[in-house]
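Student: sequence unknown, structure follows:
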């Protein structure tokens, strides 16, 4: 019996209908040569941008992360074996930003340390950050304000500013009323708190750079004064000042200490404007921003600007219009009649009742409490110039050009005795004064 033929020599007729004959060669040639050449010349696609918008967060978090190469790989060659039922799933690259968002503990620390501009931008452009912040909005907003403005967030409470609140993003009920969402502070309140704390600290820093130092408690007293400044009725102002839980006795001492230093700054012969009542006029405005602008030089007070401030701040009956007739003349001062003295009227309206300045109300309340603050005016003047323990002069803080931080020298200005001794020694070394004449020389001048 002959052995069976090899596959290469098989040439038999089809066994049935629609059956093809076996090939005479092994292995069979490719079905389509052009298809194989096309498969081999296919480029390796790394990533695709399909209708993708510009990433506005790129300046903060860097450029876009390229799409994973595993999702768009070249087709496998016919010789490569692929296990059955195997699907190629793309592996997403590690994203540190997303990892921080999805971490239970690091997300809160990450959000607290973001600048105000960055956290508001991420809240607006990132859906995942937006949702997670809304989920913990109440705690995060409070913690963020306390972290960046610990004092202002307590004094300027969000409960006093309902116009800066929003409904709870997660629709949590108010007082067990499921149909009514509670009010929570918004980013507008956070921005106001950060702005006011920076303004108050900047005012105290500008005074300190001129040698007019103030104790630490003045910062809180000035912020409380700002909160009373924006109240539009005198009764509400007096009620806040009379509340001992809000305004303590120490706050009245600290604020009048601030008044003394401010008068010293404006009446300085070199740096000041030479007007004693300028501090009272600037503290009668609606906020402390005009005072801050005057101290840092953004608002230059000339004759016309000062006249405009005085006419808008005080009533005509409080001004000496006999000696200064232009204060009561609209054509000369340029202030409309309906805007004259609005800051001294309740509601800041034309038909409002007369309202005393907050500065006068603070002084009147300190007198009502019997604090006798006038006994400490000399101490207020000398504070920050002389060390109470050693009696030496304290060095004044300086902000040199090109530096961002305020520096304080190790030693202050030498005392009068030391200066006279150094001058006498220099005169003796230079031969200008003999030793016999040294005792008779007067160096006090």
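Tutor: In hand now; what should we look at? None of the values given here were measured: they were computed from a predicted structure. Residues are numbered from 1 along each chain as shown.

Student: quick check: longest helix of this protein.
Tutor: Taking DSSP state H as the assignment, the helix of the chain that covers the most residues is helix 187-209.

Student: tell me the buried residues in it?
Tutor: Taking 16 or more other C-beta atoms under 10 Å as the basis for neighbour counts, the residues of helix 187-209 that come out buried are 187, 189-190, 192-194, 196-197, 199-201, 203-204, 206-208. Placement of C-beta: from N, CA and C, glycine included.

Student: then stretch 286-302?
Tutor: Burial within stretch 286-302, assessed by neighbour count using 16+ other C-beta under 10 Å, is assigned to 288-292, 294-295, 301.

Student: find the pair from these with maximum spatial separation.
Tutor: Using C-beta to C-beta, the two most remote members of the buried residues of stretch 286-302 are 288 and 301, lying 15.9 Å apart.

Student: picking that back up, so what's the gap between the longest helix of the chain and the chain middle?
Tutor: 8 Å (C-alpha atoms, centre = their mean, to the nearest Å).

Student: and what of stretch 300-318?
Tutor: 32 Å.

Student: could you give me the buried positions within it?
Tutor: Under the neighbour-count criterion of 16+ other C-beta under 10 Å, stretch 300-318 has 301, 307, 309-314 buried.

Student: so of the residues you listed, which ones are in helices?
Tutor: In helices, defined here by DSSP H, the members of the buried residues of stretch 300-318 are 307, 309-313.

Student: partner residues bridging residue 185?
Tutor: The bridge-partner assignment for residue 185, based on DSSP bridges, gives residue 165.

Student: ok, and what's touching the next helix or strand after the longest helix of the chain?
Tutor: Next in sequence after helix 187-209, counting helices and strands by DSSP states H and E, comes helix 218-229. When contacts are taken as C-beta atoms under 8 Å, 6 or more residues apart in numbering, the neighbours of helix 218-229 outside the stretch itself are 151-152, 155-156, 160, 196-197, 200-201, 203-204, 237, 240-241, 246-247, 250-252, 254-255, 257-258, 283, 285-288, 358, 361-362.

Student: and helix 218-229, average pLDDT?
Tutor: Taken as a whole, helix 218-229 has a mean pLDDT of 96.

Student: that one: how far from the chain's middle?
Tutor: Helix 218-229 sits 18 Å away from the centroid of its parent chain (C-alpha atoms, centre = their mean).

Student: mind giving me the domain ranges of this structure?
Tutor: Annotated domains of the chain cover 96-189, 210-382, 414-445 [automatic domain parsing].

Student: for residue 391, find the nearest of those.
Tutor: Where the domains of the chain are weighed against each other on C-beta to C-beta, the nearest is domain 414-445, at 8.2 Å.

Student: what helices and strands are in contact with the longest helix of the chain?
Tutor: Contact analysis of helix 187-209 by 3 or more C-beta pairs under 8 Å, 6 or more residues apart in numbering; DSSP states H and E lists helix 116-125, helix 137-148, helix 152-155, helix 218-229, helix 249-266, helix 289-295, strand 397-398 as its packing neighbours.

Student: ok, of those, where does mean pLDDT dip lowest?
Tutor: Per-segment confidence across the helices and strands packed on helix 187-209 bottoms out at strand 397-398, which has a mean of 74 in mean pLDDT.

Student: strands paired with that strand, and their directions?
Tutor: Strand pairing for strand 397-398, determined by DSSP bridges: strand 407-408 (antiparallel).

Student: show me what counts as buried in stretch 217-229.
Tutor: With burial defined by 16+ other C-beta under 10 Å, the residues of stretch 217-229 counted as buried are 218-229.

Student: cool, thanks, talk later.
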